[in-house]
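[1] Need a 3D model of the sequence below.
(chains A and B)
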Amino acid sequence: DQQVKQNSPSLSVQEGRISILNCDYTNSMFDYFLWYKKYPAEGPTFLISISSIKDKNEDGRFTVFLNKSAKHLSLHIVPSQPGDSAVYFCAASASGSSNTGKLIFGQGTTLQVKP
Amino acid sequence: GAGVSQSPSNKVTEKGKDVELRCDPISGHTALYWYRQSLGQGLEFLIYFQGNSAPDKSGLPSDRFSAERTGGSVSTLTIQRTQQEDSAVYLCASSLSIIQPQHFGDGTRLSIL
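    Below you'll find the predicted structure:
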């Protein structure tokens, strides 16, 4: 059962334009969401996170939007740069009495930004 | 400062052998996690350590997998009697607390022949 889904395996955008990466989740207990970026042969690098008490969090060129009713989040990158080309993973965790902070990851979206 | 360090970066071994993977978390990080990424898949949680609390082993795929964290710092993941399906990248992450972002090492790429 895939609790976190990234339905687009790949995305290609032109440099300077907006990149929108999408993520859906099924577990209503998830209340903390993160986006990671991964280059080949490297570990994932933390980009940005959002708590379920918010619907938007912005950090420079990166903005994450959360729609709890739709169980959907998205990452916007504006403007996109060739160095943004990487695999992007969405991840989620649930708080609670048995909270361990373990992350449930989507399968990733490969972003290619063309010069 | 130093990030999460994992060793070896690559490991090739024969089916049936035991392997030991090492993780050195960021200094001061109390939470430590192991994940693995099989080819074309997302990251899969394996095990979690927090201070002196009992570890969360709920993600370990079989009893051939075990892990320990000595002195609240370095962790080792051991796979006994390796099988070909154990081939994957094994990633370690640490965080200041369970509500803080996890920071990952570059992983150990394990190949079972």
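[2] and the residue nearest in space to the middle of chain B, what helix or strand is that in?
    Nearest to the geometric centre of chain B sits B:Trp34, at 3.4 Å (Cα atoms, centre = their mean). Using DSSP states H and E, B:Trp34 falls within strand B:31-37.
[3] Need the contact partners of that strand.
    With Cβ atoms under 8 Å, 6 or more residues apart in numbering or on different chains as the test, strand B:31-37 has contacts from A:101-103, A:105, B:23, B:25, B:43-50, B:67, B:69, B:75, B:77, B:88-98, B:100, B:102, B:107. For the C-beta atoms, the positions are set from N, CA and C on the backbone; glycine is no exception.
[4] pLDDT averaged over it - what is it?
    Averaging pLDDT along strand B:31-37 gives 95.
[5] Kindly export that strand (C-alpha atoms) in PDB.
    Backbone C-alpha positions of strand B:31-37 (Å, rounded to 0.1, in the frame of the first residue of the first chain) are rendered in PDB as follows:
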ATOM      1  CA  ALA B  31      17.700  10.500  16.400                       C
ATOM      2  CA  LEU B  32      19.200   8.100  13.900                       C
ATOM      3  CA  TYR B  33      17.400   6.300  11.100                       C
ATOM      4  CA  TRP B  34      18.300   3.600   8.500                       C
ATOM      5  CA  TYR B  35      16.500   3.400   5.200                       C
ATOM      6  CA  ARG B  36      17.100   1.500   2.000                       C
ATOM      7  CA  GLN B  37      16.400   2.400  -1.600                       C
END
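[6] Show me what secondary structure element comes after that strand.
    strand B:43-50.
[7] Which strands or helices does that next one pack on?
    strand A:104-105, strand B:31-37, strand B:65-69, strand B:75-79 (3 or more Cβ pairs under 8 Å, 6 or more residues apart in numbering or on different chains; DSSP states H and E).
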